[in-house]
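Novice: Starting from these lines, generate the structure:
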Amino acid sequence: MREAIATPDAPKALGPYCQAIRANGFLFLSGQIAIDPATNEFAGGDIAAQTRRVLDNIGAVLRAAGAGFDRVVKTTVFLADLSEFAAMNAVYGEYFRDPAPARATLQAARLPRDARIEIDAVAVLGE
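Specialist: Next comes the predicted model:
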C-alpha cells in the first residue's frame, strides 16, 4: 500500500510528484530545495542558509509522517558546486546524529529552479 504524505509546512510539489510516499514501513521523501513554504520563494543567503532551509523542509515532511531525523536511513545531496561541501556538511551535521544515515553527495550540472542544493531522503517508519 502506498500513501502520499503532504504538509503545508514544506513547499508544494513543482510537478507530478508528492512530498513523500509511505510504503511498507518506509518513507520516501522527494528532493527538497531551499524554498520557503510561506512565500514560495528561495531562501536567501549562502549555502549554509540554503542547506538549513532544505533540512527544515525535510523535517516538516518527516513530522507530517510522524517521524523525525532519527528515522532517516539514507540521503542523497545534490550540490551545484561541490566546493561548497564543507559548509553544507557543517549544517547537515546539526540535523543528523550518530549513527548518521548513509549518504551520497554529488555535483549536479543543474538543479530545479537553479537551486544550489537539493536533498532527498529515505526513512524507516515501522520497527
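Novice: Surely residue 122 is in contact with residue 24?
Specialist: No - taking C-beta atoms under 8 Å as the definition, residue 122 is not a contact partner of residue 24, at 11.7 Å. (Glycine included, C-beta is placed from N, CA and C.)
Novice: If you count surrounding residues, which of those two has more?
Specialist: residue 122 (17 against 8; other C-beta atoms under 10 Å).
Novice: Can you classify the more buried one by secondary structure?
Specialist: Applying DSSP: H, G, I helix; E, B strand; the rest coil to residue 122 yields a three-state assignment of strand.
Novice: Now do stretch 89-105: everything it contacts.
Specialist: 48, 51-52, 55, 59, 69-70, 72-79, 82, 85, 88, 121 (C-beta atoms under 8 Å, 6 or more residues apart in numbering).
Novice: what ranges do the helices span in the chain?
Specialist: 47-64, 85-95 (DSSP state H).
Novice: so what does the helix or strand bottoming out on mean pLDDT in the chain touch, helix or strand wise?
Specialist: Taking mean pLDDT, DSSP states H and E as the measure, the helices and strands of the chain show their lowest mean at strand 41-42, namely a mean of 90. Packing partners of strand 41-42 (3 or more C-beta pairs under 8 Å, 6 or more residues apart in numbering; DSSP states H and E): strand 35-36.
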